[in-house]
Structures are given as C-alpha cells and as structure tokens.
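> Predicted coordinates and the sequence they were generated for:
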Amino acid sequence: MQRSKKVLQELGIATAFLLIFCGAAKAQTWAAVTPFPGLGAGAAILRTDGNVMVEEVDTTGYATGNWYLLVPNSAGNYENGTWLLWTETSSLGYAPLYFGSAVLPDGRIVFEGGEYNFSSKDDTTLGFVYDPYADFTGTWTSISPPSGWTKIGDAPTVVLARGQFMLGSCCSKQEALLNASTLTWTTTGAGKADSNSEEGWTLLPKATGNDVLTIDTQNGKESELYSPSSGKWSLAGNTPSFLGNKCGLAIVPEMGPAVLRPNGTVFAAGANSKTAIYNSSTGKWSAGPSFPAGYGVADGPAAILPDGNVLVQASNISPCFDPPSLYYEFDGTNLNLVPGPPNAASEASYTSRMLVLPHAGNILHTDGTTDVEVYNPAGSAKSAWKPVITSYPATITTGTTYTIQGTQFNGVSQGAAYGDDAQSATNFPLVRLTFGGSTYYLPTSNFTSMGVQTGTQVVSADFNLPISLGTGSGTLQVVTNGIASKAVTVKLK
C-alpha cells in the first residue's frame, strides 16, 4: 500500500453509492461481533489457542501499538466473544501499518517491517517475535534485519512447508529465511526477475513441490515460482492480462490477493477488474471472470471458504482507494455477488482485512472502524478435505504436553490473503476440546509441516491443557481453516 488513509481523506473525494442486492439463492449472512473497544480494528492474526489478536488503528488509519484479544465464547463463537486490551508495542517503538506477519511452527508469531511506523512512512526494518504463552500477556523479542537491508516495509512473507519463515524486502529483490531458534537470517531467492514491491506470495500444494507463486508487478504479465529446494526463482508464465494498476499515479502497480483453492488452482484478483486462474498441476494460466467495470482489488482481502469458494472484496478503482465496496464469492467459474457488511458503501477494499476463523469457517472482517463483522458462508467442506486424526492421547491432564498425529492438519489453503500489506495465514492445526458443554481451543505448537494439501502425509502437532477443567469425558477435534476432523473421545483427569 502506497498511500495512507489520512492522505486519501485529504484528497476530499467523496462517492455516493446505492447498492441494490437482488435475492441471493444462498444464505450467506453477516453478523456483528461485540463492538471493538478501541479506536478502530486493523490487522487480525489467529493464535494457536484460538484467540485472535487485532491491532488498533486510530481515526486516521495509523497503528497505535495497542493489540486487543478477541476470545470466543463458551460455544466457540466469535460473534459474542470478549475483547481484552492485551499487549502493546508502542514502548518498543513499534506500531506498524502494512507489515509482514506469520505464525511460526512453534506457536510464536513473527512481525516484520511496516510501510508506516506510527504515522511515519519509513519502511521500517524493525521486527519482533511474539510468544503468546511465555507470560500472562506474552513477550516480545527483537529481531535484527537481514544483513545489509535498509528497508523491509510492507513486505511479503510466507512460512514454507518445511517451517521456515521467508521474508521479502518491500523495495528490492532481496529475500531471506529466518532461523527461528537463533533469530538470524540466511539469504535466499536468487534469480528474482523484479522487485518484491506490491507483490504477495501464495504457497502451492505438496504435490507440486511446495513452491511459492507470485505475480510480478513490474515485469509485465509475468509470474514467478520460488523453489524451496533450490532457493531460486524461475518464471512461471504470463497471466492472460496484466493484473496490476497504477491507479493514475506515479507508483508501483497495486495488486489484489491470490488464494489457493482445494482443486490446486489459484484465484488471483486483479487491481484493474481482471482476474486470472493458475493451475498448479499444469503450470498454466487462464483468464478468470471480470469484476464490473470500475471495480477491482487495488489492495484488498480475500479468504478461502469451507466449500472452496473464495470470498473477495472489490471496490472503486475509478478513482482507486475510494468506496464503495462489493463482495463476491468466486466458485471456480463465476464471481457471484453476495451481501456486504454494513459499512460496504463507505469502505474501500484496502482498509479491510479478512481472517479465517475455526468456528464453521466463518470469516472475520475488520475495516479500521469499531464495527467488526463475521461472514457466515452457506457452503460446507467435502469430507476429503477434512483433517483426519490417526493418533491421540486417550487421557489428558493439566500441565502435560501431548502429541496428536494425522493427515491434512495444514488444510487445503493458507486461508486469507491480501498481498504485501497483510498476511494472516491459518494453515496450522488447532485442537478443539468439547467438555462439560463448553468449547476450548488448546494451545498447539511444534507443527511438523506448514505445507498445504499434504494428502496422506502423516503430520503431528503438540498441545496442552493449560488449566484444570475437572474430570470426565470430552471430545477432541483438529480444526484447520474452519474445517474440523471427526471427534475422538478423551478422558480428562
């Protein structure tokens, strides 16, 4: 993202809009979450204990350094959850807007860079690892930038299938891999054809080598693949049409999100009304459906739904960065208009973020205001996409760490996407305990895989019961991207 909300407001451009939604056949709905208690809700990140960290932004769109926690209710529902002012980074000199983030295999969360830090546009090189479980409100540990880097900014990031966190500089071809134990970096990414600026990264299936796909913004219609085994980039072919959009400004072209679907195709939303579909099995691109004239995703969110559809938010691109927004589900062939949240007429796509929740695959939606919404999709997952538990403890007790094994613990997709400005991947297993009529998410860690669409590969994760809940029988499920395994019975002692 190359302009702040404050700057856009100063342009004084106003758009009137009337949205008439004509009878959808499906029953997609929006539900308001308990109002956000801060100034405005920004980026959202799912922790491995099922709680959601949400960054506070002020009325001009800049981050404050405060992080709130959304805790689901006893039924595992986030709409009626509880907000807590949980932790802050302002004392660390860090309040990033448009930054990189990811959940690591050990359950910690890494934060890197920021186009803005507080209200200063400085493409900061600050970075931190947050350990949610080290203390009551967690601990923050500083990470030095990779050697020689002068900018990180609004950086693309991804956790590779083997568990390594990969970071790109906002403004160059530089990439590096983080050693999560030592918090040191190793250079990678030889052969990148253009700068990482405004590009997002999409993790591809295990069957196609766990490569990472990006769509170039400064290299015509070209796309590229990063190979984890070689550490190199290679060209991946032209998209049918250019998907970027300079929006009439002297900037690097903006780009929309790209989301992997269960059939191995990637839906890429353009910033200029065009979309494209990448087939990871054949390595070929094809044209996707177009948004209505005047609409596109010049920065904005999308998210995978349990049935494999992709929810995407498009908004005005004439001019860019202005309301209103329209919401669609891409079903593999068509863009189907669905209802929007209450603020749709007054929000632009770049102000919004999406996060896939473990509860029924609902989508958490934030837009910089106190109105946080949950999208309830109509479809459901195929049984073949569900995690399968193959080994688990028959008895669990407080204070002990256990291992659970099975297949497809990492889901069929990373989850939600935005691009360079925000990452909120949820392709890691949560362990859901149902006991005494209540739902609990038990903290997970030590994921043996961070890939997607891992098929019959047996993977594992650790979990623990942090507090005593009493004794008796309960059930465990593994949940990834809102898709749950069959329940297994355990005893609590």
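On my side now, so go ahead. Numbering: from 1, shown residues only.

> in the stretch 1-150 of the chain, which segments are predicted with low confidence?
Scanning the stretch 1-150 of the chain for pLDDT under 70 picks out 1-26.

> ok, which stretches of it are helices?
With DSSP state H, counting those that start in this stretch, the ranges of helices along the stretch 1-150 of the chain come out as 5-10.

> That one: strands as residue ranges?
For the stretch 1-150 of the chain, the strands defined by DSSP state E, counting those that start in this stretch cover 29-32, 41-46, 52-57, 63-71, 82-88, 96-97, 100-103, 109-112, 116-117, 120-121, 127-131, 139-142.

> The strand or helix carrying Ser473 - contacts with which helices or strands?
Assigned by DSSP states H and E, Ser473 belongs to strand 472-480. Counting contacts by 3 or more CB pairs under 8 Å, 6 or more residues apart in numbering; DSSP states H and E, strand 472-480 is packed against strand 388-391, strand 401-407, strand 430-435, strand 488-492. Bear in mind the C-beta positions are built from the backbone N, C-alpha and C, glycine included.

> Could you give the backbone dihedrals for the residue nearest the centre of the chain?
Centroid check for the chain by CA atoms, centre = their mean gives Ser424 as the closest residue, at 2.2 Å. Here the main-chain torsion angles of Ser424 (degrees, to the nearest 10) amount to phi -140, psi 50.

> what residues are up against it?
Going by CB atoms under 8 Å, 6 or more residues apart in numbering, Ser424 touches 43-46, 101, 353-356, 415-416, 418.

> Give the bridge partners for Ala268, please.
Assessed by DSSP bridges, Ala268 has beta-bridge partners Ala258, Ala276.

> residues contacting it?
Taking CB under 8 Å, 6+ apart as the test, what Ala268 contacts is 215, 239, 243, 256-258, 275-278, 288.

> Going by neighbour count, which of the residues you listed comes out on top?
Gly256 (33 neighbours; other CB atoms under 10 Å).

> any idea of the pLDDT on it?
pLDDT, Gly256: 98.

> before we move on, back to that, looking at the helices and strands packed on strand 472-480, which is closest to Thr87?
strand 430-435 (20.6 Å; CB to CB).

> Mind listing the strands the helix or strand just after that closest one pairs with, and their directions?
Downstream of strand 430-435, the first helix or strand assigned by DSSP H and E is strand 438-442. When sheet partners are counted by DSSP bridges, strand 438-442 sits next to strand 430-435 (antiparallel).

> Show me which residues of the partner strand are buried.
430-433, 435 (16 or more other CB atoms under 10 Å).

> Which secondary structure elements does the helix or strand in which Ala314 is found sit against?
Following DSSP H and E, one finds Ala314 within strand 310-316. Where contact means 3+ CB pairs under 8 Å, 6+ apart, strand 310-316 is packed against strand 265-269, strand 295-296, strand 302-304, strand 322-330.

> for the shortest one, the distance to its chain's centre please.
The gap between where strand 295-296 is centred and where its chain is centred comes out at 21 Å by CA atoms, centre = their mean, to the nearest Å.

> try stretch 143-158
Worked out by CA atoms, centre = their mean, stretch 143-158 lies 19 Å from the chain centre.

> That stretch: end-to-end distance?
17 Å (CA to CA, to the nearest Å).

> one step back: ranking the helices and strands packed on strand 472-480 by mean neighbour count, which comes first?
Sort those by mean neighbour count, taking mean count of other CB atoms under 10 Å, and strand 430-435 sits at the top with a mean of 22.

> Many thanks, I have nothing further to ask.
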